[in-house]
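the following block contains a protein sequence and its predicted model.
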Amino acid sequence: MLHSMELFNEDNEIPLPPQKKAAIKENTKRNIDMTRKLYVGNLRPETNEDLLKAPFLMFGEVKKAYVIPDPKTGKCKGYGFVVMDNAAEAQAAIKALNGKKCGNYTVKVEESKGKPNSK
């Protein structure tokens, strides 16, 4: 009969096959990355990457900011994404900016949920 402590190796880790360890590491990395990537919705059509980036700079380094253009007009489709340097800065930005008025628009800021899997 196995005792619970026999499931662990000498480093108090559960021994896993290399493929499983790699999958866990990749999922952890992806989750960390998603906490730094923010969805910003309800943007004005005139919004460009510099305008989107500006308010987030108050909370830390912005790695990337981009708006999604409308294919017909080339103007902002109403949403974009901001990637912050770290999760704590991203959370501070969400807390401060979500629900704030920007002209006639109330901006929505939240963690990006990523693309749904397409099959």
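Now that the structure is in, tell me what you want to look at.

buried ones in stretch 57-64?
For stretch 57-64, the buried set under the neighbour-count rule, 16 or more other C-beta atoms under 10 Å, comprises 59, 60, 62. Just so you know, the C-beta spots here come from the backbone N, C-alpha and C atoms, and that holds for glycine as well.

ok, now stretch 105-116?
So for stretch 105-116, counting by 16+ other C-beta under 10 Å, buried means 107, 108, 109, 112.

ok, so of those, who is nearest residue 88?
Using C-beta to C-beta, residue 109 comes nearest to residue 88 of the buried residues of stretch 105-116, at 15.2 Å.

the closest one should be in a strand, yeah?
Yes. Looking at residue 109 with DSSP: H, G, I helix; E, B strand; the rest coil, it is inside a strand.

beta partners of it?
residue 40 (DSSP bridges).

relative to residue 92, how far out is it?
11 Å (C-beta to C-beta, to the nearest Å).

please, where are all the strands along the chain?
Here the chain has its strands, by DSSP state E, at 37-41, 62-69, 76-84, 101-102, 105-106, 108-111.

just put those strands in JSON lines and tack on distance to residue 54 and mean pLDDT.
Listed next are the strands of the chain as JSON lines, based on distance: least, C-beta to C-beta, whole Å; pLDDT from 0 to 100:
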{"stretch": "strand 37-41", "distance to residue 54": "12", "mean pLDDT": "96"}
{"stretch": "strand 62-69", "distance to residue 54": "9", "mean pLDDT": "95"}
{"stretch": "strand 76-84", "distance to residue 54": "10", "mean pLDDT": "96"}
{"stretch": "strand 101-102", "distance to residue 54": "11", "mean pLDDT": "83"}
{"stretch": "strand 105-106", "distance to residue 54": "15", "mean pLDDT": "90"}
{"stretch": "strand 108-111", "distance to residue 54": "14", "mean pLDDT": "96"}
